[in-house]
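1. Task: produce atomic coordinates for the following.
(chains A, B and C)
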Amino acid sequence: MKIEALVRNDVWRNEFRRALGKWYRVHGRHLPWRSSADPYRVWISEIMLQQTTVAAVIPYFERFISQFPTVHELANASENDVLRLWEGLGYYSRARNLHKAAIQIVDLFGGHFPNDVRILQTLPGIGRYTAGAIASFAFQLPAAIVEANTLRLYSRLIGLELDPRSTGGQKALWEFAEWLVLGNESISGINAGDFNQALMDIGSVICRPVEPDCPACPLSVFCEARARNLQQSIPLPKKRIEISQVTEASIALFHKTRVLLRKRSDAERWAGLWDFVRFEVNEKDARQLSIPSRKHVGQQKSVSKSPRRQSGYLQSLLAFETAEPYLQTLPEAWTHHLHSETGVYVRNAEAVTEIRHSVTRFRIRLLCFRAQVIYPPEPALNNYQWFELEELFSLPLSRTGRQFFELLQGSRIFASDDADETGVSRNP
DNA sequence: AAGTCGGGGGT
DNA sequence: ACCCCAGACTT
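-> The predicted structure follows:
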């Protein structure tokens, strides 16, 4: 049935609602943020869940709520502390917008959440989906939602052959979603919030991207894709993006016991997070250096998957502490960059490790070094700042920054090297 | 309409 | 390798 015909078919809609409500009462998922309709908790969970899997969010949600139980604690927190709790979850602008929105909710709305989708969308980080989610989950208003799960489910239900991410596809999906949720309560037996949750659960558990479990689906008789056996080809896949290889260097500069960090600006990746000196390098310079690779250290292949690749970590630490030839002369281009960027000259550069990681469309080889500052001792160029190493426990770092820091913690070679001009002293 | 922004997990 | 994930925001 075409969507134009569908949105006028009240009989279809009522039967659909009954089937969905019946299924949800038995099969609905139990998730931490579903135990309460507190708009604050709904909001936190929805922001965390943007482009992030349920399993990844759960521990972050628990920690965040216990640290900031209400919007007031969040509004009064520092951005650093908010980002520190967000560290590892990614898309850090979410955390910064969350903090800004908390301040607005306190200042503009007296700490009370607006219960209107239009007003909700004026808050930073809240778009059409999140506004609908808060309105329906927290206030039981008949607001529509379209996100990853429902996008797939609705696309199949209406047999959408347009790209569901295109303007036209989005229009059709939102129109269908609005029609579906409007005035449903007395028929499905569940409120608008549970109604939307039920749709997401079906999308997540049954109407999966590949191999949807149509035989188990309470909505299969309502499904246009199923009727035409198109459930594998609807929705149209996203067009894949091209990956670029990049090589970067990250250098922990020490003066006595302190290390030099910079808070990354709004205009770059990891905005608001702190990082060591870091810059892109060319492949030719990188090839001349000998760097302990965490992947190739040691003989055993056994890398325990959980909880945090212990063997690989310990092995690289061991190799680092016992390695001799890792004292390096940095390429001239690097020392030049270091000086113009921070104002310092360095000595005793040592390769610490190589980290490989992916960020958005980049595949990055990160070469991590440590060096000592010889002149001048305390620069203050370009937003750089000196910290005791221990202070990094409470500063928000990127994932790779945290990994690097943990290696520096474990090695502590510079600890007693303050006035030693002859070279690196290694503690036995 | 297209690009940008993370990081983890699953296959 | 590749795909996916309770999207929002900028250009």
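2. switch to C-alpha atoms for all contacts and neighbour counts from now on
-> Will do.
3. Any residues of chain A in contact with DNA strand C? List them.
-> Counting by CA under 7 Å from any atom of the strand, chain A comes close to DNA strand C at A:31, A:46, A:49-54, A:91, A:121, A:123-131, A:133, A:147-149, A:152, A:197, A:200-201, A:204, A:209, A:237-238, A:240.
4. For residue A:328, name its beta-bridge partners.
-> Here residue A:328 sits in beta bridges with residue A:349, going by DSSP bridges.
5. For it, grab the count of nearby residues.
-> Counted with other CA atoms under 10 Å, residues neighbouring residue A:328 total 18.
6. Wondering if stretch A:153-172 reaches DNA strand B at all.
-> Yes: Stretch A:153-172 is in contact with DNA strand B by CA under 7 Å from any atom of the strand, via A:166, A:167, A:168.
7. Those residues of chain A touching DNA strand B, which are they?
-> Proximity of chain A to DNA strand B, by CA under 7 Å from any atom of the strand, involves residues A:51-53, A:55-56, A:87-93, A:166-168, A:268-271, A:358-361, A:398-400.
8. Show the buried residues in those.
-> Buried by 16 or more other CA atoms under 10 Å: A:87, A:88, A:89, A:90, A:91, A:92, A:93, A:270, A:271, A:398, A:400, out of these.
9. Give me the subset of the residues you listed that lies in helices.
-> Residues of those located in helices (DSSP state H): A:93, A:400.
10. farthest-separated two in the buried ones among the residues of chain A next to DNA strand B?
-> Within these, A:93 and A:400 form the most distant pair, 17.7 Å apart (CA to CA).
11. Which of the residues of chain A next to DNA strand C are buried, as a PyMOL select command?
-> Buried subset of those, written as a PyMOL selection, criterion 16+ other CA under 10 Å:
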select buried, chain A and resi 46+49+50+91+121+123+124+125+126+128+129+130+131+133+147+149+152+197+200+201+204+209
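12. out of the residues of chain A next to DNA strand C, which are inside helices?
-> A:46, A:49, A:54, A:128-131, A:133, A:148-149, A:152, A:197, A:200-201.
13. Looking at those, spot the one nearest DNA strand B.
-> For those, the residue nearest DNA strand B by CA to the nearest atom of the strand is residue A:49; the value is 8.0 Å.
14. out of everything not next to it in sequence, what's closest to the closest one?
-> Excluding its sequence neighbours, the residue lying closest to residue A:49 (CA to CA, 6 or more residues apart in numbering) is residue A:57, at 6.4 Å.
15. neighbours around the one you found, how many?
-> Counted by other CA under 10 Å, the residues lying close to residue A:57 total 18.
16. Surely it is in a helix?
-> Yes: assessed by DSSP: H, G, I helix; E, B strand; the rest coil, residue A:57 belongs to a helix.
17. quick one on the thing from earlier: next, format the ones in helices among the residues of chain A next to DNA strand C as TSV and append pLDDT.
-> Shown next, in TSV, are those (pLDDT from 0 to 100):
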residue	pLDDT
A:46	98
A:49	98
A:54	98
A:128	98
A:129	98
A:130	98
A:131	98
A:133	98
A:148	98
A:149	98
A:152	98
A:197	98
A:200	98
A:201	98
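18. got a pLDDT number for the most centrally placed residue in chain A?
-> Nearest to the mean C-alpha position of chain A, counting by CA atoms, centre = their mean, stands residue A:90 at 2.3 Å. Reported pLDDT at residue A:90 in the predicted model: 98.
19. Tell me how far it lies from residue A:366.
-> 18 Å (CA to CA, to the nearest Å).
20. same thing with residue A:141?
-> 48 Å.
21. do residue A:402 as well
-> Distance from residue A:402 to residue A:366, by CA to CA: 13 Å.
22. so who does the closest residue to residue A:117 other than its chain neighbours touch?
-> Closest residue in space to residue A:117, ignoring its immediate chain neighbours: residue A:131 at 5.1 Å, by CA to CA, 6+ apart. When contacts are counted by CA atoms under 8 Å, 6 or more residues apart in numbering, residue A:131 touches A:116, A:117, A:118, A:120, A:121.
23. got a list of contacts for the helix or strand that contains residue A:366?
-> Per DSSP states H and E: residue A:366 is located in strand A:362-375. Strand A:362-375 is contacted by residues A:243-255, A:291, A:344-358, A:404 when judged by CA under 8 Å, 6+ apart.
24. Which residue ranges of chain A form strands?
-> A:244-255, A:258-263, A:274-275, A:277-280, A:327-328, A:345-359, A:362-375, A:384-388 (DSSP state E).
25. TSV for the ones you listed, including mean pLDDT?
-> Formatted as TSV, the strands of chain A follow (pLDDT from 0 to 100):
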stretch	mean pLDDT
strand A:244-255	95
strand A:258-263	96
strand A:274-275	98
strand A:277-280	96
strand A:327-328	77
strand A:345-359	92
strand A:362-375	93
strand A:384-388	95
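26. most tightly surrounded among these?
-> Per-stretch averages of neighbours, counted by mean count of other CA atoms under 10 Å, single out strand A:274-275 among those, with a mean of 24.
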